[in-house]
Structure formats: C-alpha cells, structure tokens
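Asks: here is a sequence together with a model predicted from it:
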Amino acid sequence: MIDAGGVVRDVAFGNDDLASEVSAGDAWLGKPWPQCVTVESRSKIEALLEDARSGSANPRWRQVNHPGPTGQTIPVLYSAALAGEDGRVVAFGRDLRAISSLQQKLVDAQQSLEREYTRLRHAETRYRLLFQTASEAVLMVDLSTFKIVEANPACESLLGGGRGITGRPFSQAFHASSSETLQVLAASARNTGRPEEASVLLEDGSTALTLSCLPFRQDGAMLLLVRIVGAAGTAYHPPDPGRALLLRLVENAQDAVAVTDPAGTILVVNRAFVELAQIPTADQAIGQPLDRWLGRPGVDMNVLLANLRQHGALRQFSTTVRGDYGVSADVEISAVSMEDRHGIVHGFTIRNVLQRAAPDPRGLRELPRSVSELTELVGRVSLKELVRESTDVIERLCIEAALELTSDNRASAAEMLGLSRQSLYVKLRRYGLDDLTTEEPA
C-alpha cells in the first residue's frame, strides 16, 4: 500500500522466501516506493503511480527490479490501482524469478550452441584446408552405394587425370582386375569396422598401389576413408605435370646443366653436358669432379665454389671446357647454391659461346688512355720503350680482369694469374689498384 505521497505504508508477501530475498518487511515501511527498487526501475515506479491515479481502466504491468541481499536483483512484475479517494494506491506484484531463471538458461544454452557451432565451423575449415592441400591422394566412399562421395585434388589428378571423380563408382577408378579385390575390401570394412588394406592397379594397369582404408559412420551412413599409398607402403604422391615438364625442358636444353655436391662432385647432368664433355653417357660423369673438364684445373672450380659459398650465386663466369677427346670450347658459367633434403647442392649452367657473333668493337670497354698515348709516341721514342709501356698496359688489364672474375679475391686472382700473392700485391701498388686491399701479403 502506497499513500498519496508515494510512501510505502504496508507490505504483504505471498511467501516468506520472497520476503527474505528482497529484505523487505519493515525495511520498506516509511520509505518512498522508488527507493525500494534499483535505479533503472525508478522511472517505471513513477509511471505505475501516475497510471493508477489517472484512473486508467486497463493499467499496464511493468517489470521492476528490487536489490537482493547478495547484490543480485529480484525481478517483480507490478500493476497498480487507486484504492480510495484519499489517493492511496495498492500495487500487486508477481514474482518473476522462475521465469528469469528459465530465460537465463535459454540465453546460456543459445550462447553454448553458438560457441559449439563456431568450434565446429573452425574445425571444418581446418579439415577442408588440410584435405584440399594434402599432397597425397585421399578419397571417401559411401559403402551403401559404393560410390566416391569426396576426393581431394591430388586424388582427382591421380585417378581422374585432373577431372572430377565425385559420384563415380569406386571400382571404375582402378583396373578391371582389381574390381573383386575392392568388393572384398568394402565388405570386410562394412562387417568388421576395422582398418583394412588392399593392393590394386591403376586404371591403365601400369602402377601398383596399396589402399589404406578406415571405415567410419556419419549421419547413420557407413563411409570408407581411403588413403592411396605406394606399393612399398610409403605415401604415393602423384607427379606434378608442371614440374615434370620443367625437368624434361632441363634435360633437353641446349645449355649444359650439372648439379654437384658442395665439393664440386657431379651428381647429375643433362644431355648437353654429355655432348660438351665428349663422354658416351651421363653415368660416366656422375661421381667425377666438375673441375675435370674445366680449362684451368684447380683454379676455376675454386673461384666458382668460393663465390657460391659467399654470395650463393654467380653469373657469366668465362672459362673453357675441355672434352675427353681434346676439343676445347669457350663457355660462360652461371651457378646457384641451393638446399636439398640431403644438404647443400650447386647447380651449374654452362653455355657454349663459340658460335656467338663477335661483339662490335665500339661496344667494348674503353681502353686506357695510355694505349692511344703509346701510338702517338711512335717515332719519338725507341721501340724498346714502347714495348715496355705496352707490356705495362696489358699487365694491368689482365690483373683487372682477374680481380673482376674473382670478385676482388686477391688470393684467387694471384692463383689464376700464376703469381705469388706477394708479387700480385707489388703489381697492385705499382698500378695504383691496391686502394681496396685490406690485408697484407703473407
């Protein structure tokens, strides 16, 4: 009961449990009704009192919250009506705790479903990504219809030549002689529910494979997960058409190609190398040092390997290749260092430049000015002095070329020129080329 001033004058509860929960009773008496509810519900109390005093024929029900003893809120649904001419109002409240509890459980259940749905969606995404990108062939078969229901791209490449095989009978993906084996496999997996294996042939009958099968149930249907492995039990990876084409192009390339280990021992060569080295077969080159066919034994290979260890790649290294029958050819070598599953290997591309047209002299590097000066000295100085000056020019050009070929490696340049390191350093200082030298001769 609320008087005309909005103050609570009397309180009655349908049960003691509700009275203890809202800490009401005497605590509410003498207090304005809006102070007995939570802050956000006070405007609703004012609206209830206004509706009651206006004499509305259909008073509205409004939910308000009372503060509980432990900090929680107690929801109550109220309706108010005018109780007398003196402005007193009687308010009737209905306990909503049971409904609120059901609503909270519904919200919790919905959130749990959302979390579970998100988890399943992420799991399916991971499965799809793994299934589609796996390099080995995997497919699923419906044992009730014995048809393929799903296959990854690797399996479609192996069994369908890149075409889709979903919906095809499982037995038609293999050789006709394997049909009975597949039927027995399916029956055994259906009856025992245990993993099974079977040896089959591809549709063209050229390749023997082993099918590793695992039966499982999904939505009441019996499915068979089939993983295609090699005859020896290792994973069978269908060849990549692009990679196979690249290997054929390297094998038939006009430039010689050789792959060596870190020490320069040949691991594999192509046909052009066999012709350039004048050997009968590629097998005779395997296990031999590449240095055996290079023009400057002990020098060129050391320069090549040093550059590969330092820079990882080398372009247009000029040298010669000597065939087993004594024929030499001017070549340019480009090389790269790469990492294989067995370790570091070096790849060499050797291009024969004998047939290359002679370059335009106007495109050559400009000779030192001293050459033109030498020609102007004819008739002015003796031949002996001209020869000495010419020798100095040629010697300087050779030293510069050696330094360029060895990427400014003084030790390798001295070895290439047939000089001691001390002699090379003397000549470098003589021609003013020692500005980049950082080490002293041994």
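Replies: Cool, got the structure.

Asks: residue 428 contacts residue 399, correct?
Replies: Yes. Residue 428 is within contact range of residue 399, at 7.0 Å (criterion: Cβ atoms under 8 Å). Using the backbone N, CA and C atoms, a C-beta is placed for each residue, glycine as well.

Asks: so, low pLDDT: which residues of the stretch 301-442 of the chain?
Replies: 341-342, 354-381, 435-442 (pLDDT under 70).

Asks: OK, contacts around residue 100?
Replies: Residue 100 makes contact with residue 75, according to Cβ atoms under 8 Å, 6 or more residues apart in numbering.

Asks: domains of the protein?
Replies: With domains defined by automatic domain parsing, the chain comprises 16-95, 134-230, 241-352, 365-436.

Asks: am I right that residue 91 sits in a strand?
Replies: Yes. Assessed by DSSP: H, G, I helix; E, B strand; the rest coil, residue 91 belongs to a strand.

Asks: could you tell me how many residues sit around it?
Replies: 21 (other Cβ atoms under 10 Å).

Asks: swap in the one 10 residues further on?
Replies: Applying other Cβ under 10 Å, we find 11 other residues in the vicinity of residue 101.

Asks: that one - that's part of a strand, no?
Replies: No. According to three-state DSSP, residue 101 belongs to no strand; its state is helix.

Asks: can you get me a residue count around residue 429?
Replies: 12.

Asks: is it in a helix, a strand, or coil?
Replies: Residue 429 ends up helix, using three-state DSSP.

Asks: residue contacts, it?
Replies: Taking Cβ under 8 Å, 6+ apart as the test, residue 429 contacts no residue whatsoever.

Asks: picking that back up, turn the domains of the chain into a markdown table, including distance to residue 7.
Replies: Formatted as a markdown table, the domains of the chain follow (distance: least, Cβ to Cβ, whole Å):
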| stretch | distance to residue 7 |
| --- | --- |
| domain 16-95 | 6 |
| domain 134-230 | 66 |
| domain 241-352 | 88 |
| domain 365-436 | 99 |
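
Asks: among those, which is nearest residue 2?
Replies: With Cβ to Cβ, the closest approach to residue 2 among those belongs to domain 16-95: 4.6 Å.

Asks: quick check: the residue nearest the centre of the chain vs residue 126, distance?
Replies: Residue closest to the average C-alpha location in the chain (Cα atoms, centre = their mean): residue 133, at 10.7 Å. Shown here: residue 133 relative to residue 126, a distance of 11 Å by Cβ to Cβ, to the nearest Å.

Asks: ok, residue 184 next?
Replies: According to Cβ to Cβ, residue 184 and residue 126 sit 34 Å apart.

Asks: show me which positions of the lengthiest strand in the chain end up buried.
Replies: Longest strand of the chain, by residue count under DSSP state E: strand 328-340. Within strand 328-340, the residues that count as buried by 16 or more other Cβ atoms under 10 Å are 329, 331, 332, 333, 335, 337.

Asks: for the last one, what are its contacts?
Replies: With contact set as Cβ under 8 Å, 6+ apart, residue 337 has these partners: 308, 309, 312, 313, 344, 345, 346, 347.

Asks: and which of these is nearest to residue 62?
Replies: residue 312 (79.1 Å).

Asks: doesn't residue 336 make contact with the closest one?
Replies: Yes. Using Cβ under 8 Å, residue 312 is in contact with residue 336, at 7.0 Å.

Asks: strands of the stretch 201-350 of the chain, start to end?
Replies: With DSSP state E, counting those that start in this stretch, the ranges of strands along the stretch 201-350 of the chain come out as 208-218, 221-230, 256-260, 266-269, 313-322, 328-340, 343-352.

Asks: neighbouring contacts of the last one?
Replies: Outside strand 343-352, the residues within contact range by Cβ under 8 Å, 6+ apart are 255-262, 264, 267, 273, 276, 290, 304-305, 308, 321, 329-339.

Asks: okay, buried residues for it please.
Replies: Residues of strand 343-352 classed as buried: 345, 346, 347, 348, 349, 350, 351, 352 (neighbour count, 16+ other Cβ under 10 Å).

Asks: same check, this time on the fourth one
Replies: Using 16+ other Cβ under 10 Å as the burial criterion, the residues of strand 266-269 that qualify are 266, 267, 268, 269.

Asks: packing partners for it?
Replies: strand 256-260 (3 or more Cβ pairs under 8 Å, 6 or more residues apart in numbering; DSSP states H and E).

Asks: what residues does the strand it packs on touch?
Replies: Looking at strand 256-260 with Cβ under 8 Å, 6+ apart, the contacting residues turn out to be 250, 266-270, 272-273, 275-277, 285, 290, 321, 331, 345-352.

Asks: check stretch 271-282 too.
Replies: 251-258, 268-270, 285, 293, 321, 323-325, 327, 329, 331, 350, 352.

Asks: cool, stretch 209-217 as well?
Replies: So stretch 209-217 is contacted by 143, 182, 185, 189-190, 193-202, 222-231, 233, 236 (Cβ under 8 Å, 6+ apart).

Asks: out of the residues you listed, which are buried?
Replies: 143, 182, 185, 189, 196, 198, 200-202, 222-229, 236.

Asks: what ranges do the helices span in the stretch 51-200 of the chain?
Replies: 97-133, 153-160, 179-192 (DSSP state H, counting those that start in this stretch).

Asks: distance from the chain centre to stretch 6-20, please.
Replies: 68 Å (Cα atoms, centre = their mean, to the nearest Å).

Asks: for that stretch, buried residues please.
Replies: 6, 8, 11, 18.

Asks: off-centre distance for stretch 419-427?
Replies: Worked out by Cα atoms, centre = their mean, stretch 419-427 lies 52 Å from the chain centre.

Asks: with stretch 288-302 instead?
Replies: 40 Å.

Asks: flag every buried residue along it.
Replies: 288, 290, 291, 293, 294, 299, 300, 301, 302.

Asks: so who does the first one touch?
Replies: For residue 288, the set of contacting residues under the criterion of Cβ under 8 Å, 6+ apart consists of 265, 266.

Asks: please redo it, this time with the cut-off set to 10 Å
Replies: Residues near residue 288 by Cβ atoms under 10 Å, 6 or more residues apart in numbering: 260, 264, 265, 266, 269, 277, 279.

Asks: read off the pLDDT value for residue 79.
Replies: Residue 79 carries a pLDDT value of 90.

Asks: who does it bridge with?
Replies: In this entry, residue 79 is beta-bridged to residue 92, by DSSP bridges.

Asks: how close does it sit to residue 94?
Replies: 9 Å.

Asks: need the contact list for the nearest residue in space to residue 222 that is not next to it in sequence.
Replies: Among residues not flanking residue 222 along the chain, residue 143 sits closest, at 4.4 Å (Cβ to Cβ, 6 or more residues apart in numbering). Applying Cβ under 10 Å, 6+ apart, we find residue 143 in contact with 170, 186, 187, 189, 190, 215, 221, 222, 223, 224.

Asks: the fifth one against residue 222, yeah?
Replies: Yes. Checked against Cβ atoms under 10 Å, the pair residue 190 and residue 222 is within contact range at 5.8 Å.
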